[in-house]
Every structure is written in structure tokens, then in C-alpha cells.
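Participant: the following block contains a protein sequence and its predicted model.
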Amino acid sequence: MRIANLDDVDKVWRVFNELNVGEINVFNRSVTLSLIRSMRVLVVEKWGVIAGAMALKLRDPLEVFAIAVHPDFKKQGIGSQLLKEADKEAQRFGATSIFAESYAIYGVRGFYEKNGYNTTVLGNGYNFQRKFNPPVGKLAFFTRCVKLYLWLNTI
Ligand SMILES: CC(C)(COP(=O)(O)OP(=O)(O)OC[C@H]1O[C@@H](n2cnc3c(N)ncnc32)[C@H](O)[C@@H]1OP(=O)(O)O)[C@@H](O)C(=O)NCCC(=O)NCCS
């Protein structure tokens, strides 16, 4: 697992292309590039191939903005590995919860629920959420410092 860099754009796009289903056709190369530039994009590599990728919005609640696995590597635990890393990122960032929104057309309710997310049904899709216990004591103070530091870096 590593953070994607700009040289990865074509390989990550090949994976995010999995998100273009039905009438959804927004995950092109330039969107992938802007995700790598503006979000935390994490990738899983297998034998030099980017097998899975995920774009996170680091905030509280943390958002899994995009997640996909290359067709050759589905159902091998890579999607779950990415969501576990999203948990770690959320906790490093001090987020108290994590969520993802998804259209029904993706049919991924089972995937999120197997990974410990609760589902709220929306009009045309789902909101999946997972809450963490709030940090206490020294950890809470440290968490606030990290948040402040990250926020200062955005302005
Ligand atoms: C959804 C996706 C990321 C899952 O990745 P994956 O690596 O195949 O998932 P995993 O192997 O970690 O699966 C974990 C569990 O979820 C289940 N699962 C995986 N995909 C599922 C799906 N589409 N629907 C229901 N359950 C699913 C698996 O069966 C597995 O359960 P098990 O442990 O009982 O076998 C992948 O199928 C994908 O890229 N889909 C296309 C893009 C997409 O829909 N992204 C989500 C948009 S919000």
C-alpha cells in the first residue's frame, strides 16, 4: 500500500475506470489526475500492476470518495485491504467517522457491510458509515494538534 504519485495517473485511471458504469462516465484521466493532486489516493500493487486504488477526502467525517479494484484482482481481499487502510487514515487524522456514498447501480452494499459499515438507504443509492470511539485524554489533545496542523496546511 502506498500513496499514488502523478506518474501513476494512467494506471490509477485504468482502475478507476471500473467506476464508469451505466450512465456514470466521469472517471476519466483528467479527473483521476485531479484526484491524485487534491486527495489522498492510495494504491495496492501486485507484481508491478496497480490492482486497487482509493481516493480519500481527509476531513471529519473522512470520505471514501472513490474505490475500485482492477478486474483481474477482484474478490481477492484488495477492496477490504483498502478500506482497512481508510480506517487507519481516519484514525491518524483524528476523524470520528468515515463514510462513502454510492449509487445502487454499483451493487456494493454487501461489500461495505462485510467491512463493518452501516447502511442508510438514500433515494438513488446508499450512504455507508462507520464510527470510531472518540479519542480521550492525551490522545484527544494530540489529535486536535494533528487536525490543526493539517488544516493550516490547506490555507
Ligand atoms: C467493490 C469492489 C471495490 C470490491 O473489491 P474486492 O477486492 O473485489 O472486494 P473483497 O475481495 O475485499 O471483498 C470483500 C467481501 O465483500 C464481498 N463483495 C465484494 N464485492 C462485492 C459486491 N460488488 N457486492 C457484494 N459483495 C461484494 C466479497 O464477496 C467479500 O466477501 P467474503 O469475504 O464473504 O468473500 C470491486 O468489486 C470494484 O472495484 N467494483 C467496481 C467499482 C465499484 O463499484 N466501487 C465502489 C463504488 S462506491
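Facilitator: Ah, there it is.
Participant: CA only for contacts and neighbour counts going forward, please
Facilitator: Will do.
Participant: state the mean pLDDT of the lengthiest helix in the chain.
Facilitator: Longest helix of the chain, by residue count under DSSP state H: helix 137-154. Helix 137-154 shows a mean pLDDT of 80.
Participant: and it, what's buried?
Facilitator: Residues of helix 137-154 classed as buried: 143, 147 (neighbour count, 16 or more other C-alpha atoms under 10 Å).
Participant: list the residues that contact the residue lying closest to residue 72 once chain neighbours are set aside.
Facilitator: In this structure, residue 72 finds its nearest non-sequential neighbour in residue 51, 7.8 Å apart by C-alpha to C-alpha, 6 or more residues apart in numbering. When the contact criterion is C-alpha atoms under 8 Å, 6 or more residues apart in numbering, the partners of residue 51 are 15, 43, 44, 45, 69, 70, 72, 73, 78.
Participant: how is residue 51 assigned, secondary-structure-wise?
Facilitator: Assigned with DSSP: H, G, I helix; E, B strand; the rest coil, residue 51 falls in the strand class.
Participant: geometric centre of this protein: which residue is closest?
Facilitator: Nearest to the geometric centre of the chain sits residue 64, at 3.3 Å (C-alpha atoms, centre = their mean).
Participant: for it, which residues make a bridge with it?
Facilitator: Legend: beta-bridge partners of residue 64 under DSSP bridges are residue 56.
Participant: wait, what's in contact with it?
Facilitator: When contacts are counted by C-alpha under 8 Å, 6+ apart, residue 64 touches 54, 55, 56, 57, 86, 98, 99, 100, 101.
Participant: what about the last one, how many neighbours?
Facilitator: Residue 101 is surrounded by 18 other residues when neighbours are defined as other C-alpha atoms under 10 Å.
Participant: bridging residues for it?
Facilitator: Applying DSSP bridges, one finds that residue 101 bridges with residue 127.
Participant: check it and give its pLDDT.
Facilitator: 96.
Participant: ok, the first one next?
Facilitator: Residue 54 carries a pLDDT score of 98 in this model.
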